[in-house]
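Colleague: give me the fold of what follows.
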Amino acid sequence: MLLLDGGSLRGSYFHRSVVLVCSHDADGAFGIVLNRPTETLLEAAFDRTLPSSLRQRTLFGGGPVQPSALSVLHSGAATEPAKQPVPGVVLHHDLDELIRMGKRPESGLSMRVFAGYAGWSAGQLDAEMKRQSWLTHPASPDLIFDVPPVSLWQHILRIRNSWRDRLLAMSPEDFSLN
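Modeller: Presented below is the predicted three-dimensional model:
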């Protein structure tokens, strides 16, 4: 499932964000913000030498929690101990696995690398959902990998079947400019 800022998160890290919820249970929730590319390339983000296929890739800000934590989302089938939060999308947190993937680039493999994550304590996300801070939308590999990250929030709002969502997508970043 994807969480989208429902318009009430202005001023927070999650303003206009799209979050892939990777796990959600009684202990809390874990997610990755999909639409926060940084200006940092992977070659500058790690103290290890990366394969040339990875060096010029953009590092994404996955969330405000533990900004040194690594998460990798890529297309394909999951192998242990990786998770598959969406069919066709694999999540892992292993730098060595990322380097191995970079050494054997597969044609058609989509990948994004994230620093940090979004985390909620027990009941916190449920309370935010009750306050209608978030909209939900089904996650899919094409939304995760194919839509330009900077327009992902607006794109999803525009394809939803709600005039309110389409209006929210067209709202200005700064309402004083309206």
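Colleague: ok, now which ones touch the residue lying closest to Val86 once chain neighbours are set aside?
Modeller: Residue nearest to Val86 in three dimensions, not counting chain neighbours: Ala139, with 4.5 Å by CB to CB, 6 or more residues apart in numbering. For every residue, glycine as well, the C-beta is placed using N, CA and C. Contacts for Ala139 (CB atoms under 8 Å, 6 or more residues apart in numbering) come out as 1-2, 20-21, 85-86, 89.
Colleague: name the helices or strands packed onto the lowest-mean-pLDDT helix or strand in the chain?
Modeller: When the helices and strands of the chain are scored by mean pLDDT, DSSP states H and E, helix 163-170 comes last with a mean of 86. Under the contact criterion of 3 or more CB pairs under 8 Å, 6 or more residues apart in numbering; DSSP states H and E, helix 163-170 touches helix 152-159.
Colleague: quick one on the thing from earlier: tell me the SS of the residue nearest to Val86?
Modeller: coil (DSSP: H, G, I helix; E, B strand; the rest coil).
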